[in-house]
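J.: Just the structure for this:
(2 chains)
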Amino acid sequence: GAVVSQHPSWVICKSGTSVKIECRSLDFQATTMFWYRQFPKQSLMLMATSNEGSKATYEQGVEKDKFLINHASLTLSTLTVTSAHPEDSSFYICSATQQTRSSYEQYFGPGTRLTVT
Amino acid sequence: RKEVEQDPGPFNVPEGATVAFNCTYSNSASQSFFWYRQDCRKEPKLLMSVYSSGNEDGRFTAQLNRASQYISLLIRDSKLSDSATYLCVVMVSYQLTFGKGTKLSVIP
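T.: Okay, the predicted model is just below:
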């Protein structure tokens, strides 16, 4: 299957600082990438859809000014958590779509575990 | 009603058992269907897509019933390595919606 990488894999930061997470599709081009958040024992929740060369589309309840998304190339999308607070501590996962013969399949990055102290 | 509902689990089964996961979805416009597995503190990994005709991959069989908006996954001859959380996933307009998952523990 397709490979998606994320960096960093984990990060600890102080409240009020900003954190940037990178998501890369390594062996394919992804015009669309997605950012999810998963709290313990909860399902993945879609935060935003990132389209190369255009503004991201945010899900209801997700603050676009707090979670800045940039998708500058077909293989890279970044998520910046600005002015992070302890409640932003979560597992952030990106995914990229690859079209197959019969459907679009999403492949996930390994995730970034963010802890805000 | 939740968009994607799964058995709450957890399922604890002995090695070699057959285990079935059930899932229902509420959006009749759903286009594609998948089962993912997620290991603890890891990202979800695609297990298999689910087609209306049903499909099989080794010990895994997936079924889709669009009329009743029901998806299933059957694992035969379960192995210790099958222990994970199984996520039922539905795609609408190229966006995925995840069920909460059902945790499976295969016991020696």
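J.: where does the chain have low pLDDT?
T.: Using chain A. In the predicted model, chain A carries pLDDT under 70 at residues A:1, A:100-104.
J.: That was the other one, I meant chain B.
T.: B:1.
J.: what about 90?
T.: Low-confidence segments of chain B (pLDDT under 90): B:1-3, B:7-9, B:29-32, B:40-41, B:46, B:49, B:51-54, B:91-96.
J.: Any residues of it in contact with chain A? List them.
T.: Counting by Cβ under 8 Å from any Cβ of the partner chain, the residues of chain B close to chain A are B:31-32, B:34, B:41-46, B:49, B:51, B:87, B:91, B:94-101. Just so you know, the C-beta spots here come from the backbone N, C-alpha and C atoms, and that holds for glycine as well.
J.: can we see that at 10 Å?
T.: For chain B, the residues in contact with chain A (Cβ under 10 Å from any Cβ of the partner chain) are B:2, B:4, B:6, B:31-34, B:36, B:38, B:41-46, B:49-51, B:85, B:87-89, B:91, B:93-101, B:103.
J.: So among those residues, which ones count as buried?
T.: Neighbour counting over the residues of chain B next to chain A (16 or more other Cβ atoms under 10 Å in any protein chain shown) leaves B:4, B:6, B:32-34, B:36, B:38, B:43-44, B:46, B:49-50, B:85, B:87-89, B:91, B:96-101, B:103 as the buried ones.
J.: out of the residues you listed, which are inside strands?
T.: Among those, the members found in strands (DSSP state E) are B:4, B:6, B:32-34, B:36, B:38, B:44, B:46, B:49-50, B:85, B:87-89, B:91, B:96-98, B:103.
J.: what's the longest strand in chain A?
T.: Taking DSSP E as the criterion, chain A has its longest strand at strand A:90-99.
J.: For residue B:52, grab phi and psi.
T.: phi -60, psi -30 (degrees, to the nearest 10).
J.: and the closest residue to it other than its chain neighbours, how many neighbours does it have?
T.: Spatial nearest neighbour of residue B:52, chain neighbours left out: residue B:64 (5.2 Å); criterion: Cβ to Cβ, 6 or more residues apart in numbering or on different chains. By the criterion of other Cβ atoms under 10 Å in any protein chain shown, residue B:64 has 21 neighbours.
J.: same check, this time on residue B:24
T.: As a burial measure, residue B:24 scores 18 neighbours (other Cβ under 10 Å).
J.: just checking, it is part of a strand?
T.: Yes - secondary structure of residue B:24 (DSSP: H, G, I helix; E, B strand; the rest coil): part of a strand.
J.: I'd say it and residue B:67 touch.
T.: No - using Cβ atoms under 10 Å, residue B:24 is not in contact with residue B:67; the gap is 12.0 Å.
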